[in-house]
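K.L.:
just the structure for this:
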Amino acid sequence: MGRLSAEVYRTGSASFRVVLDYRSDLYSAALAQSFAGLFTEVARRLAGCARLGELPLCGKTALKAALALCGESLPYDEAQTVVSRI
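P.N.:
Below you'll find the model as predicted:
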């Protein structure tokens, strides 16, 4: 299985250090940096919200890109099952 992990260390009363460990034969440095950025953004948002329900699932840029690709909704075939899609 591919290894990609992050360890978080407290370095002060309000600061942390994140150490990213990944297999360079499976993941590129760019992907690891992207994961680190996403991890940091999620942590920042978690620290700034009072309830998890207030936490957006993606940023405005990512939402705009997704909506540009598929519109406001995707067609859904209720006849399909998880097994039949694989």
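K.L.:
going forward, measure contacts between C-alpha atoms and count neighbours the same way
P.N.:
Noted.
K.L.:
show me where the protein has helices.
P.N.:
If DSSP state H is used as the criterion, the helices of the chain fall at 29-47, 60-70, 82-85.
K.L.:
so how far is the second one off the chain centroid?
P.N.:
In terms of Cα atoms, centre = their mean, to the nearest Å, the centre of helix 60-70 is set 15 Å apart from its chain centre.
K.L.:
kindly report the same for the first one.
P.N.:
On the basis of Cα atoms, centre = their mean, helix 29-47 is displaced by 7 Å from the centre of the chain it belongs to.
K.L.:
average model confidence for that helix?
P.N.:
Mean pLDDT, taken over the full extent of helix 29-47, equals 84.
K.L.:
related to what we said a few turns ago, okay if I get the helices of the chain as JSON lines plus distance to residue 9?
P.N.:
Formatted as JSON lines, these follow (distance: least, Cα to Cα, whole Å):
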{"stretch": "helix 29-47", "distance to residue 9": "13"}
{"stretch": "helix 60-70", "distance to residue 9": "28"}
{"stretch": "helix 82-85", "distance to residue 9": "39"}
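K.L.:
to residue 54, which of the ones you listed lies closest?
P.N.:
Closest to residue 54 of these, according to Cα to Cα: helix 29-47, at 9.3 Å.
K.L.:
got any ranges where this protein has weak pLDDT?
P.N.:
Along the chain, the parts satisfying pLDDT under 70 run over 1-2, 57, 71-78, 80-86.
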